[in-house]
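Undergrad: pasting the sequence and the predicted coordinates here, then a few questions.
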Amino acid sequence: MNSTHNSRVEQLILEEDLTTIGRPQTPLKTKASSPYTLKAPVENDGLSWPTPGARERSKESAEAEEARIKRISEAVSTILTELGEDPSREGLLDTPKRYAKAMLFFTKGYQTNIMDDVINNAVFEEDHDEMVIVRDIEIYSLCEHHLVPFFGKCHIAYVPNKKVLGLSKLARLAEMYCRRLQVQERLTKQIAMALSEILKPRGVAVVIEATHMCMVSRGVQKSGSSTITSCMLGYFRESHKTREEFLTLLNRKSSYS
């Protein structure tokens with residue numbers, strides 16, 4: 001009894017000590033849950049994993065948007081000053097406003113309505129049950145850790161279940177999620193989960209190959225490096241044969257190249 005009690009006291013003391021130094025639990029005792037995986041890909045108003053301010057941005061007037069641009073511009077001017085530059089010199093005079101508009105464009109995917117603006121009634125009944133692949137979709141996004149670009153190719157495949165999606169919509173789906181602050185792993189999974197939710201296919205596969213400027217132009221500075229991520233759902237995860245067929249077709253060079 002005393003031994004059990006002493007062990008419990010020692011455990012409580014240890015937990016208190018860890019809390020004091022900012023480590024309430026060890027990594028082995030915790031498992032981070034990404035919020036986007038706990039929510040439906042498509043919300044009631046058609047937004048997909050929106051940020052807290054996404055709805056406000058999507059509904060704001062032209063005057064409110066100009067006020068937002070002004071606030072961002074002022075912040076950029078402060079950054080330029082802190083870098084030792086002169087925001088009033090000719091070359092930088094309009095840079096803060098240009099940057100503000102560029103950032104709003106780079107992040108417009110948050111308030112894009114996935115059903116109205118992306119899918120737009122392009123789901124069709126079709127008796128086709130063989131794999132569909134759209135390969136080499138160009139992607140450009142911003143790394144959320146350093147706010148610098150990463151770019152590359154996205155490959156999307158699915159096995160239909162009585163329904164097919166207009167081919168251009170696959171590219172639009174990738175584009176919507178690219179226009180956010182991203183990490184490649186999340187981007188890959190979001191595209192796959194959204195397509196699976198909307199189309200209810202037998203399987204979905206997404207592969208992204210990208211170059212990250214945060215790795216190429218700073219830090220380790222390895223210019224020849226690239227990152228490949230994948231997400232396999234349904235048949236692509238369960239069936240080795242389906243997965244191998246996809247990867248074989250993905251790596252096959254076009255006869256027209």
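TA: Perfect, thanks for sending it.

Undergrad: now do the buried residues in stretch 200-217.
TA: Buried residues in stretch 200-217, counted by 16 or more other C-beta atoms under 10 Å: 201-210, 212, 214-216. To be clear about C-beta, it is placed using only N, CA and C from the backbone, and glycine gets the same treatment.

Undergrad: pLDDT averaged over that stretch, what's the number?
TA: Mean pLDDT, computed over stretch 200-217, is 92.

Undergrad: related to what we said a few turns ago, and which of the buried residues of stretch 200-217 is nearest Met193?
TA: Val204 (8.2 Å; C-beta to C-beta).

Undergrad: checking that closest one next. Helix, strand or coil?
TA: strand (DSSP: H, G, I helix; E, B strand; the rest coil).

Undergrad: gap between it and Lys222?
TA: 31 Å (C-beta to C-beta, to the nearest Å).

Undergrad: if we can go back for a sec, mind picking the two most distant members of the buried residues of stretch 200-217?
TA: Largest separation among the buried residues of stretch 200-217 by C-beta to C-beta: Arg202 and Val216, giving 37.8 Å.

Undergrad: dump the residue contacts of the residue nearest to the spatial centre of the chain.
TA: With distances taken as C-alpha atoms, centre = their mean, Leu187 lies nearest the centre of the chain, 2.9 Å away. By C-beta atoms under 8 Å, 6 or more residues apart in numbering, the residues touching Leu187 are Ile139, Ser141, Tyr177, Cys178, Ile208, Thr229.

Undergrad: now, those residues that are in strands?
TA: Secondary structure defined by DSSP state E assigns Ile139, Ser141, Ile208, Thr229 of the contacts of Leu187 to strands.

Undergrad: bridging residues for the first one?
TA: Bridge pairing for Ile139 (DSSP bridges) gives the partners Gly152.

Undergrad: please verify my assumption that it contacts Leu173.
TA: No - in this structure, Ile139 is not within contact of Leu173 by C-beta atoms under 8 Å, at 11.0 Å.

Undergrad: now the closest residue to Ile228 other than its chain neighbours: how far from Cys231?
TA: Among residues not flanking Ile228 along the chain, Glu209 sits closest, at 5.0 Å (C-beta to C-beta, 6 or more residues apart in numbering). Between Glu209 and Cys231 the distance is 14 Å, computed by C-beta to C-beta.

Undergrad: and if you look at Glu60?
TA: For Glu60, the distance to Cys231 equals 33 Å [C-beta to C-beta].

Undergrad: show me where pLDDT drops low in the stretch 151-257 of the chain?
TA: 219-221, 253-257 (pLDDT under 70).

Undergrad: what about the strands in the chain?
TA: 123-125, 132-143, 149-159, 163-165, 181-182, 203-212, 227-234.

Undergrad: could you export those strands as TSV, including distance to Pro96?
TA: Shown next, in TSV, are the strands of the chain (distance: least, C-beta to C-beta, whole Å):
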stretch	distance to Pro96
strand 123-125	43
strand 132-143	18
strand 149-159	19
strand 163-165	40
strand 181-182	19
strand 203-212	26
strand 227-234	32
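
Undergrad: out of these, which is closest to Ala54?
TA: Short answer: strand 181-182, nearest of the strands of the chain by C-beta to C-beta, at 12.0 Å.

Undergrad: which neighbours in the sheet does the closest one have, and how are they oriented?
TA: strand 132-143 (parallel).

Undergrad: buried residues, the strand it pairs with. List them.
TA: Val134, Ile137, Ile139, Ser141, Leu142, Cys143.

Undergrad: and for that strand, what's in contact with it?
TA: By C-beta under 8 Å, 6+ apart, strand 132-143 touches 106-107, 148-160, 164, 167, 170-171, 174-175, 178-184, 187, 208, 210, 212-214, 246, 249-250.

Undergrad: for stretch 66-73, same thing?
TA: Arg57, Glu60, Pro96, Lys97, Tyr99, Ala100, Lys101, Met103, Leu104.
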